[in-house]
Structures are given as structure tokens and as C-alpha cells.
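Student: sequence unknown, structure follows:
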């Protein structure tokens, strides 16, 4: 008899969140001294719980004072970046090329922030619905003698149920390194394209954002081994369903599809709505409600200058080497005009002078009093085209300064 369920896709939909989680675990054989006696750490892919739209991991981070450079950051950095991308910002008018957003994130360390934090999320009450439907369809198949469907539904209930029980016995742990005493401020820049986030806060809270990792921790080695066995049981269940369900009659296949559909709908709900609640709870527990101010500039040079103004706020004197490093990482370098413009901007910021430029700078001229501090301006002649570009970049810097002062 041709069965209703013969394509592997129908069987694949049977797998739920616990299936993916159990398959992704990797046992860590070392003992974590910060946990209770004889713990066993089982690491999971944070993307399963903290999946960011288009990001499996967090964006690039560059520390301003610590010199830290991370090509990949933790899931909290991904969540924070996602939050900044979705929020609306203040539009700053200016020369239009490609918009670049700058968000200033003021991170305050919560008293509850610890190097290792545990979270335990209870399943929602509606989780009983797919369980009840599966048991009901299993019982109906038994009453009507549909033993192939009966055995496969029952095997699925046992396999996923045991997996949920053993995974539920562990805790989701958030771990991040504790900074050394006397560490410099943790301020740094997150992102590098059209979204830039300036993190401001001490090293501990910035480490939590950029270096924090999630893993599951079990109190006994036996529980960890049982989770691993459950992952093999789930794989065996999927293979058995591919073989046995086509052997069942139409009625048994309909019951099987009903149990699949119910689990699939619940799984979609769980991975969307419930996961959002878990992420919100973790984010609030670690970071609280950070102050976020977003500004959208119409070109990159204005955005970077605004970023520098935010970095140097309250820091006198500003470090010209650090400012130059930030600009080189975000803007073109080695070009004569760009280097000249960077030196002019950095000189003003270092000396605490406002970014307002008269014809001396716009026409590539200097006064005798500025000759020593701006020697590069005297040594490098500019063509007419380069002079126009310099005027344009200086106007971009003035736009950023005006936006900074008006929102200070």
C-alpha cells in the first residue's frame, strides 16, 4: 500500500528543539572548580538560543584603551547590536553618501553581575498540548491495531521526553572573564560597517558583552552521559520512523501526521516567542537597561568624527595615537588628503579646540603661529581636486561637532 508519509521531510519535522540541542552538545571532560562538586560542563551552540538575524556570532570589537581586538564577540554583543540596529535614531543632516549610524551605549555594572551566572527557564504551561496530542494519537493507534504508527509515536514520546528531562536537569550558565584590578576603562567600538556602537563602561561589564559565553552545566557526570545517549536515541528514532511509518495503514499515518503537526506548530511557537522571553531575561539580568543614544549620519566621515568626540568627552588630554588608530581602522588611510584631514581633526581634539575651520584650513593655508603644530600642511602641496576634498571633509567634521554639541 502506498503510504501517506513516505518523504523524509515529514519525518524531519518530528524533531523539536530538544533534538537540535542534544545533537549539538559537546562534552567537556575537565572539572570546573567554580561549580559544585563533580560538575560536568556541556557546551552548546549559543545560536540555538540567542540567534541573531543574520549573525551566528557577535560583530568585531576594538578596545580604545585596553588595545583589545576581537574578530568575533559573544552572543550578548550580537543581541546588543541587534537592539541598536532596530531602534530609531536622530537623523543628522549633512553631505549625503551612505548613511552610517552611531549608537553610544552607556553600560552600568549591575550588582548581580558575576563571572558566572546561572539561568533556569521553566517550560510554558502550553507544553502539555503536544504531549497530550501525542499520547492520544498513540492510544487511538493501539485501539485500532495500527501497531507501526503506535510504536513510532510512542518511541518519539519516550525519546523526546527523556531528552527534555535530562537537558532540563542542567542549568544555562553565562560565563565571562573577570578583569584584573587596575584595568583601564573597557570602552570600545562594536561593529565596522553601517552600524557603529560605542561601548562605555568598566572592563567587567564590557567583557560580559564581548567575551561572554553560554554553556549547559550538569551537576553529575551521569546526567551528562544520559543526554549524549538521548541524542543517539533521537537519531535512531528518526531512522526507525523512515522505515516503519510507510508500513502503516492510512489511518495510522494520519494519526502520525497529526502528532507531527502539533509538535511542529508548538516548536515554531517555542523557537520564536518563548526564545524571545529567554533572551530578554538574560539580557536584563546581565546588562539591565543600558542607556542608548543613536544618531544617523549621512556620510561615514561625520559619523567617525562624532565617535571621536564621544570618546574624548571627559578625557583631557586626549591621546592622539589612540584617536589616529580609531580613524585608520574606520576610514581610508595613506591617502594624502585623508591623512592631512585626520591630523587637523586630531590636533583640534587633543588641544580641546572646537572643530570649526576658517579659510586658513579650507584654502590649505596656515598662519605662522600654527606652522609648527601643523607642519604636514606646509610640506604637502595639494592639487585643486585634493583641496576640494579637504574642504568637504572639514565640513563633515563641523557637521559632526554641531550634532555633538546640540545633543550634549
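Tutor: Done, it's in. As the structure is a prediction and not an experimental result, all values here were calculated from the model.
Student: Which residues are in contact with the nearest residue to residue 187 once chain neighbours are set aside?
Tutor: Distances taken as Cβ to Cβ, 6 or more residues apart in numbering place residue 64 nearest to residue 187, at 4.8 Å, with adjacent residues excluded. Where C-beta positions appear, they are placed from N, C-alpha and C, glycine not excepted. With contacts defined as Cβ atoms under 8 Å, 6 or more residues apart in numbering, the neighbours of residue 64 are 185, 187, 188, 189, 311, 322, 326.
Student: OK, contacts around the third one?
Tutor: When contacts are counted by Cβ under 8 Å, 6+ apart, residue 188 is found next to 61, 62, 63, 64, 66, 68, 198, 199, 206, 210.
Student: In terms of helices and strands, where is residue 241?
Tutor: According to DSSP states H and E, residue 241 maps onto helix 221-244.
Student: Return the distance of that helix from the chain's centre.
Tutor: Offset of helix 221-244 from its chain centre (Cα atoms, centre = their mean, to the nearest Å): 31 Å.
Student: ok so, going back, which of the contacts of residue 188 ranks first by neighbour count?
Tutor: Taking other Cβ atoms under 10 Å as the neighbour criterion, residue 206 ranks highest of these with 28 neighbours.
Student: nearest spatial neighbour of it, skipping sequence neighbours?
Tutor: residue 186 (3.0 Å).
Student: Do I have it right that the one you found meets residue 202?
Tutor: Yes - contact criterion Cβ atoms under 8 Å: residue 186 and residue 202 qualify, at 5.6 Å.
Student: In this protein, what residue spans correspond to strands?
Tutor: Taking DSSP state E as the test, the strands found in the chain are 26-28, 40-43, 61-63, 69-70, 90-92, 100-106, 116-119, 171-175, 188-190, 195-200, 213-218, 291-297.
Student: quick one: contacts of the third one?
Tutor: Around strand 61-63, the neighbours that count as contacts under Cβ under 8 Å, 6+ apart are 68-70, 73, 77, 186-190, 199, 206, 210, 326, 329.
Student: swap the cut-off to 6 Å and go again
Tutor: Here strand 61-63 makes contact (Cβ atoms under 6 Å, 6 or more residues apart in numbering) with 69, 70, 73, 188, 189, 190, 210.
Student: For it, which strands pair with it and how are they oriented?
Tutor: If you go by DSSP bridges, strand 61-63 pairs up with strand 69-70 (antiparallel), strand 188-190 (antiparallel).
Student: Not counting stretch 199-209 itself, show me its contacts.
Tutor: By Cβ under 6 Å, 6+ apart, the residues outside stretch 199-209 that reach it are 76-77, 105-107, 109, 176-177, 179, 183, 186-188, 190, 286.
Student: Closest to residue 242 out of those residues?
Tutor: For the contacts of stretch 199-209, the minimum distance to residue 242 (Cβ to Cβ) is 39.7 Å, reached by residue 76.
Student: just to revisit the earlier point, so for residue 186 and residue 202, which sits in the more crowded spot?
Tutor: More neighbours surround residue 186 than the other of residue 186 and residue 202, with 25 against 16 (other Cβ under 10 Å).
Student: For the residue found closest to residue 258 once you drop the neighbours it is linked to in the chain, grab the count of nearby residues.
Tutor: With Cβ to Cβ, 6+ apart as the criterion, residue 258 has its nearest non-adjacent residue at 5.5 Å, and that residue is residue 137. Neighbourhood size, residue 137 [other Cβ under 10 Å]: 25.
Student: mind checking how far residue 137 is from residue 68?
Tutor: Residue 137 sits 55 Å away from residue 68, going by Cβ to Cβ, to the nearest Å.
Student: The nearest residue to residue 249 once chain neighbours are set aside: neighbour count?
Tutor: Nearest non-adjacent residue to residue 249, counting by Cβ to Cβ, 6+ apart: residue 146, 6.1 Å away. Taking other Cβ under 10 Å as the criterion, the count of residues near residue 146 is 24.
Student: just residue 141 next, same as before
Tutor: With other Cβ under 10 Å as criterion, residue 141 counts 27.
Student: Distance of it relative to residue 262?
Tutor: Taking Cβ to Cβ as the measure, residue 141 falls 15 Å from residue 262.
Student: Looking at residue 301 now. What's its pLDDT?
Tutor: Residue 301 is assigned 95 on the pLDDT scale.
Student: so who does it touch?
Tutor: Shown in contact with residue 301 (Cβ under 6 Å, 6+ apart): 393, 396.
Student: Contact partners for residue 117?
Tutor: Residue 117 touches residue 174, counting by Cβ under 6 Å, 6+ apart.
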